[in-house]
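**Student:** dropping a prediction and its sequence here:
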Amino acid sequence: MTTLTADAIPGYVAGTWTIDASHSEIGFSVRHLAISKVRGTFEQFDATVTAAENPLESSVVVSVDIASINTKNADRDAHLRSNDFFAPEQYPTMEFRSTGIRTEGDELKLDGELTLRGVTKPITFTGEFGGIAKDPWGNVVAAANGHAVINRHDFGVSWNAPLEAGGFLLGDEVTITIDAQFQLQS
C-alpha cells in the first residue's frame, strides 16, 4: 500500500463512520514480573472516523472510559482504577485525536495525540485497513486495526513494585491495540 487514494480502496465512501462496539476491541498489554505479559481491554469506548474525499485527509477521534478496564482480575482492576494508575474520578477518559494518516511501505500510520491522566503526547498507530463491505442487513462497514507503544511514565502512570530477584513488577512500555469495525452513517 504505497498510495492511499479513494480509487485504490474498493467501495470507499467519504462521510461519517461510527464504531460498532460489538465488533471492536480496544486492549493493552504490559510486561509483568519481567517474564510474561498482562493483557486487558476497555469495555466502554466510542470512536468516529470522518472520511474525507482524499483518505489521507480523514480524521479519527476515540474516547475510552477508563473505569471500564477489564484484566479478568477484580483486585487488579480495582488497583488500576486507583490513583496509583488511572485515577478515573479525576481523569475519566483516555482520548485520541488523529493529526494525520500516511503510508510507509505496506504499513498504514495513524499519527495523533493521546491524552491520558491529563497529559497529551504524540503517538503513532501502525496498522492495516481491512476493507469495506456490506453486511447482511445492508449496512456499509469498514474495518481497521492497529497498535502503538507508549511509555506509561510519560503519562504519569508510574506505580511499580520491586521484585525480590531484581527488576520491577511492571514494564515501562504498554502496547495499545485497536481492532475496529465502523459503520457508515446515512
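**Tutor:** Perfect, I can see it now. These figures come from a predicted structure and were not determined experimentally.

**Student:** in the sheet, who's paired with residue 134?
**Tutor:** Residues in a beta bridge with residue 134, per DSSP bridges, are residue 140.

**Student:** now residue 86. Nearest residue, chain neighbours left out?
**Tutor:** Nearest in space to residue 86, with sequence neighbours left out and distances taken as CB to CB, 6 or more residues apart in numbering, is residue 66 at 4.7 Å. For the C-beta atoms, the positions are set from N, CA and C on the backbone; glycine is no exception.

**Student:** near the one you found, how many other residues are there?
**Tutor:** Using other CB atoms under 10 Å as the criterion, residue 66 is surrounded by 20 other residues.

**Student:** quick one: it from residue 105, how far?
**Tutor:** Distance of residue 66 to residue 105, given as CB to CB, to the nearest Å: 34 Å.

**Student:** likewise for residue 115?
**Tutor:** With CB to CB as the criterion, residue 115 and residue 105 are 29 Å apart.

**Student:** more neighbours: which of those two?
**Tutor:** The neighbour comparison of residue 115 against residue 105 (other CB under 10 Å) goes to residue 115, with 16 against 8.

**Student:** in which helix or strand does the more buried one reside?
**Tutor:** Element membership for residue 115 (DSSP states H and E) is strand 107-116.

**Student:** list the strands paired with that strand, with their directions.
**Tutor:** Here, using DSSP bridges, strand 107-116 pairs with strand 93-104 (antiparallel), strand 119-134 (antiparallel).

**Student:** for the first one, output the C-alpha coordinates as PDB.
**Tutor:** Translated: strand 93-104. C-alpha atoms of strand 93-104 as PDB (Å, rounded to 0.1, in the frame of the first residue of the first chain):
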ATOM      1  CA  THR A  93     -11.400   9.200  29.800                       C
ATOM      2  CA  MET A  94      -8.400   8.400  27.600                       C
ATOM      3  CA  GLU A  95      -8.700  10.400  24.300                       C
ATOM      4  CA  PHE A  96      -7.000  10.000  20.900                       C
ATOM      5  CA  ARG A  97      -7.300  12.600  18.100                       C
ATOM      6  CA  SER A  98      -5.600  11.900  14.800                       C
ATOM      7  CA  THR A  99      -3.300  14.500  13.300                       C
ATOM      8  CA  GLY A 100      -2.500  12.700  10.000                       C
ATOM      9  CA  ILE A 101      -2.700   9.500   8.100                       C
ATOM     10  CA  ARG A 102       0.100   8.200   5.900                       C
ATOM     11  CA  THR A 103       1.600   5.100   4.400                       C
ATOM     12  CA  GLU A 104       5.100   3.800   4.900                       C
END
